[in-house]
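Undergrad: Predicted model and sequence follow; I will ask about them next.
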Amino acid sequence: MNWHRSQLRVDWRASVGLVGTVIKYLSVAFLLPLVVGLYYGADVLTFFASMVIAVAVGSLLERLDPDPDLGAREGFLMVALTWLAVATIGMLPYLIAGLLGTESTLARPENALFESMSGFTTTGATVMGAIDLQHHSHAIMLWRQLTQWLGGMGIIVLAVAILPELSVGGAQLMDAEAPGPGIQKLTPRIAETARVLWIAYIGFTVLEMLLLYGLHLAGMAPNMHLFNAVAHPLTTMPTGGFSPESQSIQAFSAAVQWVIIPFMVAAGTNFALFWHVINGEPRRLIEDTEFRAYVGIIGVLIALVAGHLFVGLGASEVPAGVAPINGQIEDSVRHATFQVVSIITTTGYANMDFNAWTAPTKYLLLFAMFIGGSAGSTGGAIKIARWVVILKSLKRELFTTVHPEAVSPVRLGGKPLDERAVRGIYAFTLLYLVFFFIAVVIIVADAWRVGHYISAFEAMSAVAATLGNVGPGFGAVGPMNNYLSFPVTSKLFMVFLMWVGRLEILPVLVLLTPAYWRT
Amino acid sequence: MRVIIIGAGQVGSSIAASLAPTHDVIVIDADGDRVDSLTYSIDVLPIEGDGTSLSTLREANIAAADLFIACTDDDETNIVSCSTARAISDVFTVARVKRETYHQTWTETGGSFGVDFMVCTNLLAAETIVRIIGLPAAHDVDVFAGGQVMMAEFCVPDGSPLAGQTVASADTFEELTFAALFRDDSISVPTGRTVIEEGDDLVVIGSPESTHALAGGLTPEQSSHQEDIVIIGGSQAGVQTAKLLQERGRRPRLIEHDHDRARELAEALTATTVMESDAMDREFLNREHVDEADVVISALESDEKNLLATLLADRIGVDRTIALVEAAEFTDLFEAVGVGAAVNPRDATAEEIIRFTHGNDTENVSLIEHGSAEVLEIEVDADSILTDRPIRESTEELPGKVVIGAVTRDGSFITPRGDTTIRVGDHVVLFAETSDVAAVAEAV
């Protein structure tokens, strides 16, 4: 089909070649679990083999185009493929550990891919049957945490920060990957912007590690030993949600839960704002429209949920291992705050099984899954900035209905927005919701096909949790359960949902249009 | 160095593209679409805003900037933004203006308006045209080392005696180096065995005498003393060209169609014959024997008119035609359809400003083929990899295609050969591809 190839207007070799470079560099990440494996004497071979494969595959792909020249189209392809490729490489340790004798659900390829994609996209949905250090080595558990940390600030952002060949097209690549509408360049050089973001990210992660381990040393968190104190910040800052504890954050003391909350809030904030704070302009953070809306919506939801929990309408009965909530101010506020923040920022941690909550509070959480973090944060879903613009433009519609001649631009933080940007935000949000409803139908139908009963609410929560990169849903996919009960086809479909959700649909969807490949 | 550029038009973006690899560049433009597209095409920090407003300049962190370049299409905006920048910081300001009167005021008052360096687009265009007239068949000419060294880009015309010869046989001039050869959009460094073909673009660097002599050999039928010069269009650039020619003792003719403008120009230009007519009027052209002119320069207000006017002049038998082109992307096209040379005032402006920003030792720079290569002059210091070594050795360590075209030492010209040893204080004129220029300038 030479005729076919000559019609292609996309230099796919350049894209795939660069994906190869990224994979090659990603193999360095296997070093950390390798060292941990050496220390604990388990899964050394697993990570060594994974590393060799990653370097080999990366170098082979790289040879497709020794001097890649990225245009706008190649950029989209490269970003989309990078995330697919990284998830594929990331599942190697699970598969190899399975081959080498670890009894695990992750030994099956579809589960390994699901876990890896869920990791890199910072979803936090799991198909790991037994989450504990008896069944899995420290190295594997650390790798699971590390995938989220790497994916959080973005593989492409990391690549732009490190690889000089991405300096020219870098802005466009980061744009395709970054959460929210458009990126903010902070410095004249894109590589420097990428580095600034990563440094802020690393800074927060290290700070959280120190605080958590400090609590342990102070005797306020008995089971927050060194491994846990390192593992949890790796999934808090990327709003990931994986935990080496099967009980998630319920396993830890109230003090630990309170420490994690502000870090989740920070992870859901636009990281560019922290840069302004460091530069001596804290007003840029406090006066930012999106940040105010973000804090406001969190506050309102916490008040609603905490009120429900306090008066006893929120949770009908408390699961074993959790102190009574009804009538207890600290407990009600803590559970409400932790859970609301965890869901809005799309982290997906749980400090108790919120399946035990009543329908009104559960629906509040489902609603929160669609809000998402801020643009430029590590959070998923639709994002606060988009909702702010939508609400403002709806308000304008009402205004112009009464005053048809009025010219009123939509402003965000005092700056008028281009109408094209507003249209783009409407298009994305509509697309997101359409994707959501179609996916719910597919999941329900696929479950019914194999005779697995799933309620509409559970299916909705599962789709919202994977598409929005939240993690746990309700019922069968609740925070203390997992996604194992779904058929293979549904799991692969959810892998797709997590992928398109992380890249915010458009960069992937654009690849599926004939116009992209031809004219 | 931190550079703030106001205006992301042709001049602003070509300066930004040239500076981005080695400097921190911030570009301010009022047009949101331009700012958007800049984000993806060049690695600079684009800011949407008004370059004359304090808040925008503060957002760009003017206090930390070293260089401020105002190059929007509006003279007043450029001057006001430079003054504003100077009022709140001690940045070095560069303004681009079109009107020669502003430039004159600035020169005569010793740097007023808070502008430290002013570039006049029309004056530069006129200077470029006059330099081209001085050399037959040259596209681009620039002088270096205080006039000791001349760089010229020639197109080898059809039927040229040079075509078919090897470089070794063509290079009969003692003080001349063939620096580069452009053929079918690719750059090569000619060796002695390279055969010159018709249509090639040659870049030579050497003493002015040798360069002139080579030019004479390219097209022997042309005289190098063009006395009869016709300028079509009384635009700013056209008038500047006439003025410069007058200063060089020529008596050009200038054709302007507007009655009042023609009168005004006739009063101002004493040694120029101003005629009021439409340049497309063939009868007029025949009556005035414009077909016998040695050079016709078209400086009308639009590219289309300039193209028609020069093609018409070419058709009626004028030896050489030169056209002003506003849109950089058309310059190649003009030359391809038969216009002798196309001069882009914006290219010239960008070149002049870039010259300013290349490190301290780089004294002079000239863009070739719209920026795909550069010729630059560097004063060699003790740290340079050229110092006290034969050129053959040191050039092997330089990246990319680099040719050392000329050397001047204590004001005298030295033709560089492989065994020439460079000393501290020598001025070196070298040719390099734009992508390598930063690295080369660093090493040398």
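TA: That came through, no problem.

Undergrad: helices and strands of chain A: which one has the lowest mean pLDDT?
TA: Every helix and strand of chain A was ranked by mean pLDDT, DSSP states H and E. The lowest is helix A:2-7, at a mean of 48.

Undergrad: Pick out the residue of chain A closest to chain B.
TA: Taking CB to the nearest CB as the measure, the point where chain A comes nearest chain B is A:Pro188, at 4.0 Å. (Each C-beta comes from the backbone N, C-alpha and C, glycine too.)

Undergrad: Hmm, B:Val27 and that residue touching each other?
TA: No - judged on CB atoms under 8 Å, A:Pro188 makes no contact with B:Val27 at a distance of 9.0 Å.

Undergrad: Common neighbours of the two, please.
TA: Both A:Pro188 and B:Val27 are contacted by B:Val44, B:Leu45, under the criterion CB atoms under 8 Å, 6 or more residues apart in numbering or on different chains.

Undergrad: more neighbours, the two?
TA: Comparing A:Pro188 with B:Val27 by neighbour count (other CB atoms under 10 Å in any protein chain shown), the higher total belongs to B:Val27, at 29 against 23.

Undergrad: List the beta-bridge partners for the more buried one.
TA: B:Ile5, B:Pro46 (DSSP bridges).

Undergrad: Tell me the pLDDT of it.
TA: For B:Val27, the pLDDT comes out at 92.

Undergrad: can you tell me which residues contact it?
TA: Counting by CB under 8 Å, 6+ apart, B:Val27 touches B:4-5, B:8, B:12-13, B:16, B:35, B:38, B:42, B:44-47.

Undergrad: and if we set it to 6 Å?
TA: Taking CB atoms under 6 Å, 6 or more residues apart in numbering or on different chains, we find B:Val27 in contact with B:Ile5, B:Ala8, B:Ala16, B:Leu38, B:Val44, B:Pro46.

Undergrad: got CSV for these, with neighbour count too?
TA: Listed next are the contacts of B:Val27 as CSV, based on neighbours: other CB atoms under 10 Å in any protein chain shown:
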residue, neighbour count
B:Ile5, 28
B:Ala8, 27
B:Ala16, 27
B:Leu38, 24
B:Val44, 26
B:Pro46, 26
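
Undergrad: Tell me the one among these nearest to B:Arg392.
TA: Nearest to B:Arg392 among the contacts of B:Val27 is B:Ala16, at 36.9 Å by CB to CB.

Undergrad: For that closest one, give me phi and psi.
TA: Main-chain dihedrals, B:Ala16, degrees, to the nearest 10: phi -60, psi -40.

Undergrad: Could you report the separation of the nearest residue in space to B:Ala63 that is not next to it in sequence from B:Leu269?
TA: Nearest non-adjacent residue to B:Ala63, counting by CB to CB, 6 or more residues apart in numbering or on different chains: B:Ser89, 5.2 Å away. According to CB to CB, to the nearest Å, B:Ser89 and B:Leu269 sit 41 Å apart.

Undergrad: likewise B:Gly192?
TA: As judged by CB to CB, B:Gly192 and B:Leu269 stand 49 Å apart.

Undergrad: More neighbours: these two, which one.
TA: B:Leu269 (19 against 11).

Undergrad: quick one: contacts for that one?
TA: Counted by CB under 6 Å, 6+ apart, B:Leu269 has contacts B:Ala242.

Undergrad: So which bits of stretch B:170-182 are buried?
TA: Of all the residues in stretch B:170-182, those buried under the rule 16 or more other CB atoms under 10 Å in any protein chain shown are B:Ala170, B:Asp171, B:Phe173, B:Glu175, B:Leu176, B:Thr177, B:Phe178, B:Ala179, B:Ala180, B:Leu181, B:Phe182.

Undergrad: Am I right that the first one is in contact with B:Pro161?
TA: No - with contacts counted by CB atoms under 6 Å, B:Ala170 stays clear of B:Pro161, the gap being 9.1 Å.

Undergrad: So, low pLDDT: which residues of the stretch 301-444 of chain B?
TA: B:358-365, B:369-371 (pLDDT under 70).

Undergrad: need the strands for it, in chain order.
TA: Assigned by DSSP state E, counting those that start in this stretch, the stretch 301-444 of chain B shows strands spanning B:320-324, B:341-343, B:362-368, B:373-379, B:402-409, B:412-414, B:427-433.

Undergrad: neighbouring contacts of the fifth one?
TA: Going back to what we said before, that points to strand B:402-409. Residues outside strand B:402-409 that contact it (CB under 6 Å, 6+ apart) are B:145, B:148-149, B:177, B:179, B:189, B:205-206, B:391, B:395, B:414, B:416, B:426-432, B:440.

Undergrad: Might you list the low-confidence residue ranges for the stretch 401-519 of chain A?
TA: A:519.

Undergrad: swap the cut-off to 90 and go again
TA: A:401-422, A:424, A:450-456, A:475-481, A:485, A:504-519 (pLDDT under 90).

Undergrad: tally of neighbours for B:Thr105?
TA: B:Thr105, neighbours per other CB under 10 Å, totals 15.

Undergrad: ok, it to B:Thr93 distance?
TA: Per CB to CB, B:Thr105 is found 15 Å from B:Thr93.

Undergrad: before we move on, what about B:Val25?
TA: Counting by CB to CB, the gap from B:Val25 to B:Thr93 is 16 Å.

Undergrad: Look up which helix or strand the residue lying closest to B:Ala70 once chain neighbours are set aside falls in, please.
TA: Among residues not flanking B:Ala70 along the chain, B:Asn78 sits closest, at 3.8 Å (CB to CB, 6+ apart). Assessed by DSSP states H and E, B:Asn78 sits inside helix B:75-88.
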